[in-house]
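**Q** with the sequence up front, the predicted model follows.
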Amino acid sequence: GTPAAEDFLPGALTDCAVASMVFSTVYGFDATKFPDAKPSALADFFDLEQFPGKRGLRRGPKINLELALMADGVPPAEVYEVLATPEGLDRAFAKLDSIKPQITWWEAGAQPPQLLADGEVAMTTAYNGRLFAAMVTEDKPFEIVWDGQVLEYELFAIPKGAPNRDEALDYIRFATGTERLAAQTKWISYGPARQSSIPLVGLFEDEETDMKPHLPTNEENLKTALQSSHEFWVDHEMEIAERFNT
């Protein structure tokens, strides 16, 4: 009985698009490489002394700078406020510089699990669904650290002037219905964009793995999560990317 506009997660409905899935950037590691103490916090990713080894990061400033600030002690709710200042930007780059000699850059989503499997990195950021697939379908000894995960939406949009606008709207209504969004989790560990879908989440396609703990939207995983701000990056990406690339 809840109106759809109140059922979608914050930011999932905009003038331009309707969200379907929530995915996140997390970091993962090969558990066999850390037989004693295992990384458990975002700060551990930047701790080369206690957890030595190469670090995999996606090439580009977006999300890397947010992770750097959170690892440096900035609360998720204050990240973009801090990052919008010259001092905050310097702080984020300084944190990245602290591991710069150990960074291996990746660009495609399939690369991080492969870097881990090949032993080229000790830890790497990755899209949570990629790590889940390696862990569950390929039986890799990987573990995910959810602390400081950065959430983003997969969205449906209709180009202006599209000849089949009404049919497209009908499809989006269907595809973002409560049951359909819950059903998506049978094949991929991305969270549904509606609150009413979450109780309906069941098992993975292997009919064994409970998907709820593996979703970015799981209550436990959300405790220190950050919602990525497309508004911030629309305003600042060009100049920040230039500095990052330099």
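**A** All right, it came through fine.
**Q** SS state for residue 70?
**A** In three-state terms, and counting by DSSP: H, G, I helix; E, B strand; the rest coil, residue 70 is helix.
**Q** nearest spatial neighbour of it, skipping sequence neighbours?
**A** Among residues not flanking residue 70 along the chain, residue 148 sits closest, at 4.5 Å (C-beta to C-beta, 6 or more residues apart in numbering). All C-beta atoms are positioned from the backbone trio N, CA, C, and that covers glycine.
**Q** is it true that the one you found touches residue 73?
**A** No. Checked against C-beta atoms under 8 Å, the pair residue 148 and residue 73 is beyond contact range at 11.2 Å.
**Q** who's more crowded, those two?
**A** Neighbour count, other C-beta atoms under 10 Å: between residue 148 and residue 73, residue 148 has more, with 23 against 9.
**Q** and that one, backbone torsions?
**A** The phi/psi pair for residue 148 (degrees, to the nearest 10) reads phi 80, psi 20.
**Q** same for the top helix by length along the chain, what does it pack against?
**A** The longest helix of the chain (DSSP state H) is helix 230-245. For helix 230-245, the elements it packs on are helix 79-83, helix 86-97, judged by 3 or more C-beta pairs under 8 Å, 6 or more residues apart in numbering; DSSP states H and E.
**Q** give me the mean pLDDT for the longest one.
**A** Computed over helix 86-97, the mean pLDDT rounds to 98.
**Q** who does the next helix or strand after that helix pair with, and is each partner parallel or antiparallel?
**A** Using DSSP states H and E, the helix or strand that follows helix 86-97 in sequence is strand 103-106. When pairs are called by DSSP bridges, strand 103-106 turns out to pair with strand 55-58 (parallel).
**Q** buried ones in the partner strand?
**A** Neighbour counts over strand 55-58 (16 or more other C-beta atoms under 10 Å) mark 55, 56, 57, 58 as buried.
**Q** need these in JSON lines with distance to residue 119 and pLDDT, can you?
**A** Shown next, in JSON lines, are these (distance: C-beta to C-beta, whole Å; pLDDT from 0 to 100):
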{"residue": "55", "distance to residue 119": "14", "pLDDT": "98"}
{"residue": "56", "distance to residue 119": "12", "pLDDT": "98"}
{"residue": "57", "distance to residue 119": "17", "pLDDT": "98"}
{"residue": "58", "distance to residue 119": "20", "pLDDT": "98"}
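**Q** hmm, which two among these are most spread apart?
**A** Spanning the widest gap among the buried residues of strand 55-58 are 55 and 58, at 11.3 Å by C-beta to C-beta.
**Q** skip the chain neighbours and tell me the closest residue to residue 117.
**A** In space, residue 117 is closest to residue 140, 6.1 Å off (C-beta to C-beta, 6+ apart).
**Q** measure the one you found to residue 55 for me?
**A** From residue 140 across to residue 55, the span is 18 Å (C-beta to C-beta, to the nearest Å).
**Q** okay, now the residue nearest to residue 224 when sequence neighbours are not counted: neighbour count?
**A** Nearest non-adjacent residue to residue 224, counting by C-beta to C-beta, 6+ apart: residue 147, 5.2 Å away. Neighbourhood size, residue 147 [other C-beta under 10 Å]: 20.
**Q** rewinding a little: the residue nearest to residue 117: how many residues sit nearby?
**A** Residue 140: 18 surrounding residues under other C-beta under 10 Å.
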